[in-house]
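Novice: 3D model of this:
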Amino acid sequence: MRTEAAFAALRGAAPVPASSGRTNRHRLSRGGDRAANAALYRIALVRISSDSRTREHVARQTDAGRTKKEIIRLLKRAIAREMFRCLTTTVTVPGITDPRPLRQSKNITLTAVAQHFGVWPTTISTLERGIRRDDDLANAYRDWLTAA
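Specialist: Numbers count the residues shown, from 1 in each chain. So this is what the prediction gives:
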């Protein structure tokens, strides 16, 4: 999936021309992952009922003469577009391997750290090695180590 259109097609949210005569309209593709399409439909319904921006968009589309079915089709494509952007945008993750050398230099055991924070020692170990990510615990752990 290199493009947003390919992602939408795999989700069954790509528009397919369904024009006849003088009418120019589109329908959703029947292909693609039906479960993902159903999830997009549910997201669209929840947004219509709870999100003010989406409600305003639905009102504008209704005033423009679109049917509810067409509006939901447009929303599903917009949601697929947002999901594709979220999935393909790279996010830099801060490194959290600095607490281990600091803990070892102060001769503090994993068990002592785990008891202080009320977690298992393996939780602290995986946090130190970068296997598990828990920003709140990592920040509290760093602060505790610098104060110790």
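Novice: ok, the closest residue in space to L145 that isn't next to it in sequence - how many residues close by?
Specialist: Leaving aside its chain neighbours, L145 sits nearest to L102 (5.0 Å; criterion: Cβ to Cβ, 6 or more residues apart in numbering). (Glycine included, C-beta is placed from N, CA and C.) Counted with other Cβ atoms under 10 Å, residues neighbouring L102 total 15.
Novice: and what of T89?
Specialist: Per other Cβ under 10 Å, the neighbour tally for T89 reads 7.
Novice: if we can go back for a sec, helix, strand, or coil at the residue nearest to L145?
Specialist: Assigned with DSSP: H, G, I helix; E, B strand; the rest coil, L102 falls in the helix class.
Novice: same check, this time on R30
Specialist: Strictly by three-state DSSP, R30 counts as coil.
Novice: list the residues that contact the closest residue to it other than its chain neighbours.
Specialist: For R30, ignoring the flanking residues on the chain, the nearest one in space by Cβ to Cβ, 6+ apart is G12 at 7.0 Å. Applying Cβ atoms under 8 Å, 6 or more residues apart in numbering to G12 gives the contacts L28, S29, R30, G31, G32, D33, R34, A36, N37, L40.
Novice: nothing else from me, thank you.
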